[in-house]
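[1] just coords:
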C-alpha cells in the first residue's frame, strides 16, 4: 500500500489494535488470531494494527512480529494491517523491514527502548526507520518519545513516508500546536488509554480518529460511539460513556497493565481463546472477570 493511500485509510474511520493470542505455553496462536481478525474485519474499523501496544508488542520478540503481521494480513479481508515497531534504532529498523517483507501496509513506531533522548536524537531515530522502508510510518508520541512541533515538522519535511501522528501524552496544547502547524500533512490519531474517554477533546484539537481498544470485544459498541462522536450526538456519547466506558475505566484502573489485560479478558469472554497476557503483565482476577462479563453482557455476541 502506498503511504498516501494508508494515510487516507487511517483518517477515514475508527482504528483498532487486536490483542495477540497465546496458547497454554505462551506461544503465538495463529488460528485464534486469524479467527479474531476475521471477526473484527466485519465491522467498520478502517485499519487494524497488529502487534501494537494492546497486542503486547513489548513482550514479543522481533522475530515473532512479521509472522503475526502476515497472519493478520491473510485474515483481514482487505482491511489494511499496520505492524507495531519499536526498540532501539537498529532493532526498530530490522522490525520495520520484516513487517514490510511480510506484507504489512505500514508501521506504528512506538517509543525507543528505555532511554530519554534530546529532540535531535529522536529526529535521527524516526528518520532512520522511515528511510529503511518504503511504506507508511506513523509515529507514536508518548512517554520517552515526545516530539516537539519543530521536530515533527522537520520529519514531515524530510520523510515523505511519515504519514501519521498518534498521540498518547494528553498534552492538548502541544498537539493542537502540531495540528495547526502541519495541517493535513499528517493524519492525527488519538492514542490515550481507553481513547473514547478523550475523543471529544482530541476531536477539538484537530484529530479525526483514534484507536479503540474495546473494539477487540465490543466492536459494534465502539463503532456506535465513534459514529455518534463524528455526528455531534453528545447525548448518545454520554449515554455510552456512563453505561460502559466509565465503569470499564474503573476496572481498568485497578492495576497497572490492565489497559491491556482487561481487553484480552474481554476477547476471551466473547469466545476467543486468547490466552493470558505475557509477563510482566498479569491477568484480571476471577472476580474482576465476572465484573467485566456483567458489563459487556448487553453487547455479548
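    Okay, I see it. As the structure is a computational prediction, the values presented were derived from the model and not from experiment.

[2] so how far is residue 4 from residue 134?
    Per CB to CB, to the nearest Å, residue 134 is found 12 Å from residue 4. Glycine gets a C-beta too; all of them are placed from N, C-alpha and C.

[3] also residue 183?
    15 Å.

[4] more neighbours, these two?
    When residue 183 and residue 4 are compared for neighbours, residue 4 comes out ahead with 12 against 9, by other CB atoms under 10 Å.

[5] so what's the more buried one up against?
    136, 163 (CB atoms under 8 Å, 6 or more residues apart in numbering).

[6] the same query, at a cut-off of 7 Å, please.
    Shown in contact with residue 4 (CB atoms under 7 Å, 6 or more residues apart in numbering): residue 163.

[7] quick check: which element contains it?
    helix 3-10 (DSSP states H and E).

[8] list the buried ones in that helix?
    3, 6-7, 9-10 (16 or more other CB atoms under 10 Å).

[9] then stretch 18-36?
    18-22, 28-30, 32-36.

[10] closest one to residue 287 out of those, please.
    residue 19 (21.2 Å; CB to CB).

[11] circling back: from the chain's centre, how far out does the helix holding residue 4 sit?
    Taking the mean of its C-alpha atoms, helix 3-10 sits 16 Å from the chain's own mean (CA atoms, centre = their mean, to the nearest Å).

[12] check stretch 129-141 too.
    15 Å.

[13] would you work out how far apart the start and end of it are?
    End-to-end distance for stretch 129-141: 15 Å, by CA to CA, to the nearest Å.

[14] got a list of contacts for that stretch?
    By CB under 7 Å, 6+ apart, the list of residues contacting stretch 129-141 reads 1, 3, 6-7, 10, 82, 85, 92-93, 96-97, 100, 105-111, 126, 147, 159, 161-169, 189, 191.

[15] name the SS class of residue 192, please.
    Here residue 192 is coil, with the state taken from DSSP: H, G, I helix; E, B strand; the rest coil.

[16] wait, what's in contact with it?
    168, 170, 198.

[17] what subset of the residues you listed is buried?
    For the contacts of residue 192, buried by 16+ other CB under 10 Å: 168, 198.

[18] nearest to residue 70 among the contacts of residue 192?
    For these, the nearest to residue 70 is residue 168 (26.7 Å; CB to CB).

[19] distance of the closest one from residue 140?
    Residue 168 is 6 Å from residue 140, by CB to CB.

[20] next: residue 189.
    9 Å.

[21] who touches both of the two?
    residue 166.

[22] let me see the ranges of the strands in the chain.
    14-16, 45-50, 81-85, 106-109, 136-141, 162-167, 187-190, 209-212 (DSSP state E).

[23] with distance to residue 155, mean neighbour count and mean pLDDT added, can I get the ones you listed in TSV?
    Shown next, in TSV, are the strands of the chain (distance: least, CB to CB, whole Å; neighbours: other CB atoms under 10 Å; pLDDT from 0 to 100):
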stretch	distance to residue 155	mean neighbour count	mean pLDDT
strand 14-16	21	27	98
strand 45-50	20	26	98
strand 81-85	15	30	99
strand 106-109	11	30	99
strand 136-141	7	26	99
strand 162-167	5	26	99
strand 187-190	14	25	98
strand 209-212	20	26	98
